[in-house]
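>>> build me a model from this:
(chains A and B)
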Amino acid sequence: MEVKHEMGYLAEQFKRSLAVAKKNIKIYYSKGPVIVFGLIFPLFLFLAYTIGRSMPLEELLPGLIGMTTFFTATSVGPSIMPWETRSKTLERLVCCPVALWAILLGDMLSSFLFGLAISVIPLLFALAFNIGLLNFTILLFGLVLATLCFSALSVLLSAYPPSDIPATVMMISSLVKFPLVFISGVFISIEQMPFWGRIIASFSPLTYFTDLARHLILNGGYYDLILDFSMVAVFTLIFLVAAVKLHEKTLTKRLS
Amino acid sequence: MDHINFEVKKGEIFGFLGPNGAGKTTTARILTGVLRPDEGSALVAGHDVLKNSIEARQCIGVVPEVSNAYIDLSAWENLMLIGELYGVVEKEREENATELLKDFGLYEVRKKPVRGFSKGMKQRLLLCMGLINDPEILFLDEPTSGLDVESARLMREKVQRYNRDGKTVFLSTHNMEEANQLCNRIAIINHGRIAAIDAPEKLRAQSLELQYIEVLFDKPVGLADLSKKMQAVKASLAGNKVRLYTANPSTVVEFLVDFARHNNLRILSLNTMMPSLEDVFVKLTKEHGSEA
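Numbering: from 1, shown residues only, chains lettered A, B, ... in the order given. Predicted coordinates:
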């Protein structure tokens, strides 16, 4: 009986998370500039690295997919909390019968849906041009998992500092995001890195997703495929739990 | 907040009055689950706001002082969102929203973004958002602050009508007249402490020394002259009238009639005035301010 009640509670809260996600998509994600940013920015970053270097397209694809997924899933998420703090709408959400974790899950889901919608494009591009994909279904599953992971990271990035100035949070999240791209085997594969580089890379979730993509596109990953999947899942869990705990800790300060 | 303790009866309009910074909003934010108290407990509709926060919040509607509707969404979308967050089923949500928007004169603009709404329209929408789940208890924080007379009157009418349906209202305000008109009982809070709780008329009756007689003579009268002859009474001018503060109005009336006859004056008007809620409020907040 208790378990049934608990399940009912979780299902009801999840429904409310979906309402939060729907609201986020309407307000923050379905804007022309945001979509254009999601498409153009990773492509420009990628071109800046690849132009002038003669590399076959399939070798470029894992990095492109990794970057697109990472940047789109973390593009808007960090700014939602400070923005809603400033406009007092967070207080409105908090006094509704919605658990904080459900609000954060809603933020994560909206990030996830946006990230997935954009990240699928390079994948479809690869499919259309018949670029050596070994297993599309597994890659798609990896993409879904990685988008979840990066969405959880975006919610974590919005937790601290508990500011109501979106620019502050975006600047700090950029300080985290850009170094991650350069240490995660996006531009240089992990086996080409020095030993210390490989150690640092192992702390980034993007490393495992890029490696996973290399496995499935080039048949040439560094880690075991199962390890790649497991590590992305572990990072997702860590980011999610850390985000909820940190937001719980800072909520009073954020609202006062 | 400093160990405050009060109870709101089911079906009453309970006013929470206090000067700025007294702790009104903090109390309301604790009761609505926005803030956690350092210590103590609070029950809302029988639910502990700390242990059963979701259940407590499920029973309430909240209308904050500052508009917090989503300005990029339309009025309809705001109502649908809040309805969903309260778990109101779609059909009921749409019926409630339609009825509320019509009732509050917002139905014609329901598809327009809230960004373009006037302050009065936003405040009416907030009340609609507070009522979309048909709550048992409605928390209102300065609901008519900054509104034009017509909008403020409409808000008060709606709150009274909601209360007539047996619902409870917790009204946080510093508008004395509003509290006097709407509330069954009032708590006056100052420096985080409750200074008094009672019905408005009983609070006024508790401060009889603040009642006064307002008299207008046909010729100007010196205050010093009056004060000298009525040693126990404080006198002041209010325009061309004289106010005489007394706990014993009948004696003062007799004195004034004698005074007028003796000085060849005619009394043009004479009124006994009970202390206003504002007088009681000022007295109580001063008393508690000096204690603190």
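>>> what number of residues lie near B:N163?
Using other Cβ atoms under 10 Å in any protein chain shown, B:N163 has 19 neighbouring residues. The way it works is simple: take the backbone N, C-alpha and C, and place the C-beta from them, glycine included.
>>> with B:P135 instead?
By other Cβ under 10 Å, the residues close to B:P135 number 20.
>>> mind listing what it touches?
Contact partners of B:P135, counting by Cβ atoms under 8 Å, 6 or more residues apart in numbering or on different chains, are B:59-61, B:167.
>>> cool, B:G11 as well?
B:G11 makes contact with B:163, B:166-168, according to Cβ under 8 Å, 6+ apart.
>>> ranges for the strands of the stretch 1-150 of chain B?
B:13-17, B:43-44, B:47-48, B:60-63, B:137-141 (DSSP state E, counting those that start in this stretch).
>>> how about residues contacting the fourth one?
Translated: strand B:60-63. Residues outside strand B:60-63 that contact it (Cβ under 8 Å, 6+ apart): A:92, A:95, B:32, B:44-45, B:123, B:126-127, B:129-133, B:135-141, B:143.
>>> state the mean pLDDT of it.
Averaged over strand B:60-63, pLDDT sits at 95.
>>> please name the nearest non-neighbouring residue to B:G83.
B:R93 (3.6 Å; Cβ to Cβ, 6 or more residues apart in numbering or on different chains).
>>> list the contacts for the one you found?
Per Cβ under 8 Å, 6+ apart, neighbours of B:R93: B:79-80, B:83-84, B:132.
>>> pLDDT wise, what is the residue sitting nearest the centre point of chain A at?
The centroid of chain A falls nearest to A:F150 when counting by Cα atoms, centre = their mean (1.9 Å). Note on A:F150: pLDDT of 97.
>>> and it, what element?
Assigned by DSSP states H and E, A:F150 belongs to helix A:136-157.
>>> packing partners for that helix?
On a contact count with 3 or more Cβ pairs under 8 Å, 6 or more residues apart in numbering or on different chains; DSSP states H and E, helix A:136-157 meets helix A:57-73, helix A:77-86, helix A:100-128, helix A:166-183, helix A:205-218, helix A:225-255.
>>> give the buried residues for it.
The neighbour-count check on helix A:136-157 (16 or more other Cβ atoms under 10 Å in any protein chain shown) flags A:139, A:142-157 as buried.
>>> send me it as PDB with only the CA atoms.
Extracted in PDB, the C-alpha atoms of helix A:136-157 (Å, rounded to 0.1, in the frame of the first residue of the first chain):
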ATOM      1  CA  PHE A 136      23.000   3.500 -35.600                       C
ATOM      2  CA  THR A 137      20.600   2.200 -32.900                       C
ATOM      3  CA  ILE A 138      23.400   1.900 -30.200                       C
ATOM      4  CA  LEU A 139      24.700   5.300 -31.200                       C
ATOM      5  CA  LEU A 140      21.300   6.800 -30.900                       C
ATOM      6  CA  PHE A 141      21.000   5.200 -27.500                       C
ATOM      7  CA  GLY A 142      24.400   6.700 -26.500                       C
ATOM      8  CA  LEU A 143      23.200  10.100 -27.800                       C
ATOM      9  CA  VAL A 144      20.100   9.900 -25.700                       C
ATOM     10  CA  LEU A 145      22.100   9.000 -22.600                       C
ATOM     11  CA  ALA A 146      24.700  11.600 -23.200                       C
ATOM     12  CA  THR A 147      22.100  14.300 -23.800                       C
ATOM     13  CA  LEU A 148      20.500  13.400 -20.400                       C
ATOM     14  CA  CYS A 149      23.900  13.600 -18.800                       C
ATOM     15  CA  PHE A 150      24.700  17.000 -20.200                       C
ATOM     16  CA  SER A 151      21.200  18.300 -19.300                       C
ATOM     17  CA  ALA A 152      21.800  17.200 -15.700                       C
ATOM     18  CA  LEU A 153      25.100  19.100 -15.900                       C
ATOM     19  CA  SER A 154      23.300  22.200 -17.100                       C
ATOM     20  CA  VAL A 155      21.000  22.000 -14.100                       C
ATOM     21  CA  LEU A 156      24.000  21.600 -11.800                       C
ATOM     22  CA  LEU A 157      25.700  24.600 -13.400                       C
END
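>>> tell me the angle it makes with helix A:225-255.
30 degrees (axes from the mean of the first three to the mean of the last three Cα atoms, to 10 degrees).
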